[in-house]
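Q: I need the structure of the sequence given here:
(chains A and B)
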Number of protein chains: 2
Amino acid sequence: MSHHDDTAAFRARFDALAAIGRDPATGGCNRLAWTAADAQAGAWFAEQAAALGLHVERDANGNRWAWWLPDGVSGPDAVPERSAVATGSHLDTVRDGGAFDGALGVVTAFGALASLQAEGARPRRPVAVVAWADEEGARYGTPCLGSKLAAGMLDPVEVAERTDADGVALADAIADAGLDPDRLGPDPDRLARLAAYLELHVEQGRGLVFADAPVGVGTGVWPHGRWRLTAHGETNHAGTTRMADRRDPMHVLAELIAAAREEAVARDALATVGRVRVHPNGPNAVPGRVTAWLDARGADADTVRSTVEAVGDRAEAAAQHTATSVEVTAEAWSQGVAFDAELHRTLARATAAVTGRKAPELATAAGHDAAILAPQVPAGMLYVRNPTGVSHSPAEHAEVADCVTGQRALAAALGELAT
Amino acid sequence: MSHHDDTAAFRARFDALAAIGRDPATGGCNRLAWTAADAQAGAWFAEQAAALGLHVERDANGNRWAWWLPDGVSGPDAVPERSAVATGSHLDTVRDGGAFDGALGVVTAFGALASLQAEGARPRRPVAVVAWADEEGARYGTPCLGSKLAAGMLDPVEVAERTDADGVALADAIADAGLDPDRLGPDPDRLARLAAYLELHVEQGRGLVFADAPVGVGTGVWPHGRWRLTAHGETNHAGTTRMADRRDPMHVLAELIAAAREEAVARDALATVGRVRVHPNGPNAVPGRVTAWLDARGADADTVRSTVEAVGDRAEAAAQHTATSVEVTAEAWSQGVAFDAELHRTLARATAAVTGRKAPELATAAGHDAAILAPQVPAGMLYVRNPTGVSHSPAEHAEVADCVTGQRALAAALGELAT
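A: Below is the predicted model:
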């Protein structure tokens, strides 16, 4: 170990970023994409890079890069295919978000490079810190916008026309942020330079609390989908319709809620009924229609589908039992991603070396830029313990000691891969 | 029996009234209180009365009366205390309502008097047809406004200040309808003249369908109440929060819905969860709070309370099981009413005489003017079969033959009581 005090340096970097866009009333961070606060975060990024002697650039999709280049590579454009190791996350937040989500991955990326530099390491491959643009999608509704545009997963013309809640088109917001909206779009050459992408993120759940570990390694992102169930019955007077004579779709909802939990638990999956709409929703009316949304996620697509099928079968049985009917409509489906096996081993080894114990493995059902890139670039993730599991809220929190442990694991992995 | 054709006369009266305020597009009746259509219905009332030689008056609360007076009673103001038999219902409807609700009671009241007159009967007591004002409360939110004002159950000053959806104050609507809003209020002298009040109403359920009978006799109005249950949990990400780690108040709702049905069925009561509010109601969020309203009605107050207690206990158990909490707040309670026993016997006898079979007894959980008057005036009700049970809808229906059977039972009861 060097004499470099990585805890103090972590605090300084983290606090400077957390102060940008912070609402003193709530303590929440407000760095929505393409705003002045987002630009301020970009200035912070440039300062951090300059302090480490890194070469900063911003790509056509607004993603920020800070390059630590080996001897013989003259600049970012000279980085050979499949040679670079990138690490980072994002700087934007949701409205009144937490200080850790996204920020932690960029802060620890700089911190890890600073530690490597303090140890006297030199890169044998190009190393980049990256901050992906508009990861939260809080203004324009598409999470991971910067990475998805780069990966060719979005139509840039369609994207540019979107408007935020104030009617501002994305094209205008992006132009105000100093970019050319006509240059949005796929960036295959840039992604092709990457041999690996590592992302450290605060956990958005309590898996590491239960594992009693400060840092874990991501195995992938679970497939997940959303289904809409509409139960049809008959609106009736609550005071005059006999119980036996009702066709009350609320009973389908009751079974749906119970079934979602039981079938998910039975498969180690996740199922949530989070949104409900009742018609006419009057306190003295037997409802005529109840619509509910089922969010289901699991380790693999079969697990998710079998969970949803079992839940749907039970809702159907409840409908038959109550003389109502139920329709199930698939609204969204996203295929899961398994992170790169070799990178996973590297991250697990690095984490074990830093923590002195086997790193817990965590699958996540939340989306991350690493999952967007994974089909094109070998990717891996580290998670830092979140004591309450709370995210997207001013109450989001991680202990500094855990963050620094995560940063050390990231530094160890980068050291093994690139120095 | 006379040669008077009561079926043809019923059709003529009923059809003329049903045409007033009818929307040709939906077939629904629109005779909201204090509107031009309501006034037109008043003109119909006056015509019917005139054809039978009845003396018409409108009281200070807008209730319309048509008097058939015995020899020696010079006018309505000369009716002695506790001497008169009144029968009727109301002429106003909900928006896009049915043609039977309310109207049937007034049409059959006139029809019954016409039949008695055709038989050559003479009243030995004053007999009145009454149409209570604003029974539906569709404009100003208070059902049975005319009878409640007369009975002293509403503050007339507070009532007059209420506004409808267009911002029109009740005082102005009442003045436009030709009444003096300053004269709204208790009318104890008028109610004191009544020895009995009979109301025939289309059933708003299918009790008579199951009893296979055209007409039934009301036993009273069930007590009923409304309770609000709020379950508190913790909002969480649907993708990252383990099932075991959730505090999901939706499970309290599921148990509430199931318990409401089961506990009501076990007690021959009615319980309905008709209104639900979920927070934040996002498809990918474990809800933090779920509020649901429980409407419960039963044959007596103990039945209702024990139903609600059992449901509340089960909701509480579900809350404990899911690490959530639940609060139960009573929002409304109305004590039940038992109709007058002697009038009940008279109506049952009359119905049995007309139908040739024992009259089914029906409790109702819907409100009626008869229930408002019952604490002050001996009251009773007849119900006419409703094949679908639908009410407050253009689809509300009763067969003419059943309506005429009801009218004959009403005439028989009036004949026994007053001629």
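
Q: Can you show me the helices along the stretch 101-250 of chain A?
A: Counting by DSSP state H, counting those that start in this stretch, the stretch 101-250 of chain A has helices at residues A:103-118, A:145-150, A:156-161, A:170-176, A:188-192, A:207-211, A:250-267.

Q: now for these, which one comes closest to chain B?
A: Closest of the helices of the stretch 101-250 of chain A to chain B is helix A:250-267, at 3.7 Å (criterion: CB to the nearest CB). In this view, the C-beta of every residue, glycine as well, is placed from N, C-alpha and C.

Q: mind listing the helices for the stretch 301-419 of chain A?
A: A:301-321, A:341-355, A:369-373, A:400-418.

Q: Looking at whichever strand or helix holds A:T7 now, give me its mean pLDDT.
A: Using DSSP states H and E, A:T7 sits in helix A:6-18. For helix A:6-18, mean pLDDT is 97.

Q: from the middle of its chain, how far away would stretch A:335-353 be?
A: In terms of CA atoms, centre = their mean, to the nearest Å, the centre of stretch A:335-353 is found 17 Å from the chain centre.

Q: whoops, stretch A:133-146 was the one
A: 10 Å.

Q: what about the stretch 51-200 of chain A, any weak spots by pLDDT?
A: Residues of the stretch 51-200 of chain A meeting the criterion pLDDT under 70: none.

Q: quick one: the strands in it?
A: In the stretch 51-200 of chain A, the segments counted as strands under DSSP state E, counting those that start in this stretch are A:55-58, A:64-68, A:84-90, A:127-132, A:194-202.

Q: Figure out which of those strands is closest to chain B.
A: Going by CB to the nearest CB, the one of the strands of the stretch 51-200 of chain A nearest chain B is strand A:194-202, 10.6 Å.

Q: what comes up buried for the closest one?
A: By 16 or more other CB atoms under 10 Å in any protein chain shown, the buried positions in strand A:194-202 come out as A:194-202.

Q: Stretch A:314-328 too?
A: Buried-residue list, stretch A:314-328, by 16+ other CB under 10 Å: A:314-316, A:318-319, A:322, A:324, A:326, A:328.

Q: next one: stretch A:393-402
A: Neighbour-count burial for stretch A:393-402, with 16+ other CB under 10 Å as criterion, is recorded at A:393-394, A:396, A:398, A:402.

Q: Pull up the distance across that stretch, start to finish.
A: End-to-end distance for stretch A:393-402: 19 Å, by CA to CA, to the nearest Å.

Q: Same question for stretch A:194-210.
A: 34 Å.

Q: do the same with stretch A:330-343
A: Using CA to CA, first and last residues of stretch A:330-343 are 34 Å apart.

Q: Check which residues of that stretch are buried.
A: A:336-337, A:339-340, A:343.

Q: ok, of these, which one's closest to A:E158?
A: A:V337 (23.8 Å; CB to CB).

Q: and B:K148, which of the helices of the stretch 301-419 of chain A is closest to it?
A: helix A:301-321 (41.0 Å).

Q: does chain B sit close to the closest one?
A: No - under the criterion of CB under 8 Å from any CB of the partner chain, helix A:301-321 makes no contact with chain B; the nearest approach is 9.8 Å.

Q: List the contacts of that helix.
A: A:222-225, A:227, A:229, A:231, A:249, A:251-252, A:254-256, A:258-260, A:263-264, A:267-269, A:271, A:294, A:296-298, A:324-326, A:328, A:335-336 (CB atoms under 8 Å, 6 or more residues apart in numbering or on different chains).

Q: My read is that A:E161 contacts A:D172, right?
A: No - when contacts are counted by CB atoms under 8 Å, A:E161 is not listed as touching A:D172 (10.3 Å).

Q: Who are the contact partners of A:D176?
A: A:W34.

Q: How about the residues of the stretch 301-419 of chain A by chain B?
A: A:331, A:364-367, A:389-392.

Q: Of those, which belong to strands?
A: Residues of those located in strands (DSSP state E): A:331, A:364.

Q: List only those of the residues of the stretch 301-419 of chain A next to chain B flagged as buried.
A: A:364-367, A:389-392.

Q: so which of these comes closest to chain B?
A: A:A365 (3.4 Å).

Q: you'd agree the closest one is up against B:T240?
A: Yes - if you go by CB under 8 Å, A:A365 and B:T240 touch, sitting 6.0 Å apart.

Q: Next, the buried residues of stretch A:240-257.
A: In stretch A:240-257, counting by 16+ other CB under 10 Å, buried: A:240-243, A:245-257.

Q: For chain B, tell me which of these show up nearby.
A: A:240-243, A:245, A:248, A:250-251, A:253-255, A:257.

Q: possible to save those as CSV with pLDDT?
A: Converted to CSV, these look like this (pLDDT from 0 to 100):
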residue, pLDDT
A:T240, 80
A:T241, 85
A:R242, 86
A:M243, 93
A:D245, 86
A:D248, 97
A:M250, 98
A:H251, 98
A:L253, 98
A:A254, 98
A:E255, 98
A:I257, 98
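
Q: Closest to A:A12 out of those residues?
A: A:I257 (47.5 Å).

Q: That closest one: what's it in contact with?
A: Counted by CB under 8 Å, 6+ apart, A:I257 has contacts A:273, A:292, B:250-251, B:253-254.

Q: Quick check: end-to-end length of stretch A:15-24?
A: Span of stretch A:15-24 from end to end, CA to CA: 14 Å.

Q: same question, stretch A:164-176
A: The first and last residues of stretch A:164-176 sit 14 Å apart, counting by CA to CA.

Q: residues from the stretch 51-200 of chain A in reach of chain B?
A: So the stretch 51-200 of chain A never meets chain B (CB under 8 Å from any CB).

Q: weakest of the helices of the stretch 301-419 of chain A by average pLDDT?
A: helix A:369-373 (a mean of 94).

Q: and stretch A:128-148, how far out from the chain's middle?
A: On CA atoms, centre = their mean, the centre of stretch A:128-148 falls 10 Å from the chain's centre.

Q: ends of that stretch, how far apart?
A: 19 Å.

Q: of all the contacts of A:I257, which two lie farthest apart?
A: Checking the contacts of A:I257 with CB to CB, the most distant pair is A:A292 and B:H251, at 13.4 Å.

Q: Dihedrals phi and psi, the residue of chain A positioned farthest from its centre?
A: Distance from the C-alpha centroid of chain A, by CA atoms, centre = their mean, peaks at A:T240 (50.7 Å). Here is the backbone geometry of A:T240 (degrees, to the nearest 10): phi -130, psi 0.

Q: For it, give me its contacts.
A: A:T240 neighbours (CB under 8 Å, 6+ apart): B:203-205, B:364-366, B:389, B:391.
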